[in-house]
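1. for reference, the sequence and a predicted model appear below.
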Amino acid sequence: DAKTTQPPSMDCAEGRAANLPCNHSTISGNEYVYWYRQIHSQGPQYIIHGLKNNETNEMASLIITEDRKSSTLILPHATLRDTAVYYCISNNKFYFGSGTKLNVKP
Amino acid sequence: ETGVTQSPTHLIKTRGQQVTLRCSSQSGHNTVSWYQQALGQGPQFIFQYYREEENGRGNFPPRFSGLQFPNYSSELNVNALELDDSALYLCASSLSAGLGEQFFGPGTRLTVL
């Protein structure tokens, strides 16, 4: 199973970059890595996805290692509104895990 | 363009009862997935419907069943409710089958007493 593992929580100072790691060492060659976040009491929100190359959009950047065994989601300038649980998942298995609780502090 | 909507927002049932939760997918989306999220946990995949057919199922018993209608809206039915069924039930729609980029609704909070 291409499950992912993430640290349970991380802290980040407001205005600094938040770097959220994800291990997906069993991912297969055609599986994309997707990132979602869930702000308290809301449905998850799509952030970004990638296969091999690094990706960037208006919300975040995604860095995928060359061996594709891990990736890092980067929020370049974290704000208090970015406090949420962040999930890293593969598109082959519908497994969200427990995610990383990011606490952005003033 | 309207987003994914779910009804009701909250529901209280007693053990042994049956419940139906509803989901309207985002305009243009033909795929709906349902998830159960217990307090403090990540969403757990229940099943997915693609063009009115079930297209994958998670580790949930048969008393969890679903339907997708020609307009791509969907229902989740749970029979013989148990206390452990208390959770937030999330519906997500997408443009095609598989996981992909999913758009989630706000969820239905089910409490089983």
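-> It's in.
2. tell me the contacts of residue 68?
-> I'll assume chain A. Under the criterion of Cβ atoms under 8 Å, 6 or more residues apart in numbering or on different chains, the neighbours of residue A:68 are A:24, A:27, A:29, A:52. Yep, even glycine has a C-beta here, placed from its N, CA and C like the rest.
3. my question was about chain B
-> B:32, B:49, B:50, B:51, B:52, B:53, B:74.
4. now do the contacts for residue A:34.
-> Residue A:34 sits next to A:46, A:48, A:49, A:88, A:89, A:90, A:91, B:99, B:100, B:101 when contact means Cβ under 8 Å, 6+ apart.
5. so which of the residues you listed are in strands?
-> Per DSSP state E, strands hold the following members of the contacts of residue A:34: A:46, A:48, A:49, A:88, A:89, A:90.
6. who wins for neighbours among those?
-> Neighbour count (other Cβ atoms under 10 Å in any protein chain shown) singles out residue A:89 as the most crowded of the ones in strands among the contacts of residue A:34, with 29 neighbours.
7. quick check: of the ones in strands among the contacts of residue A:34, which lies closest to chain B?
-> The closest of the ones in strands among the contacts of residue A:34 to chain B turns out to be residue A:46 (Cβ to the nearest Cβ; 5.0 Å).
8. isn't that closest one right up against residue A:36?
-> Yes. Using Cβ atoms under 8 Å, residue A:46 makes contact with residue A:36 at a distance of 5.7 Å.
9. okay, and the common contacts of those two?
-> Common neighbours of residue A:46 and residue A:36 (Cβ under 8 Å, 6+ apart) are residue B:102.
10. enumerate the residues of chain A near chain B.
-> Residues of chain A lying close to chain B by Cβ under 8 Å from any Cβ of the partner chain are A:34, A:36, A:42-46, A:49, A:85, A:87, A:89-99.
11. and the pLDDT for the residue nearest the centre of chain B?
-> Nearest to the mean C-alpha position of chain B, by Cα atoms, centre = their mean, lies residue B:34 at 3.2 Å. At residue B:34, the model reports a pLDDT of 96.
12. not counting residues beside it along the chain, what's closest to it?
-> residue B:46 (4.3 Å; Cβ to Cβ, 6 or more residues apart in numbering or on different chains).
13. can I assume the one you found sits in a strand?
-> Yes. Counting by DSSP: H, G, I helix; E, B strand; the rest coil, residue B:46 is found in a strand.
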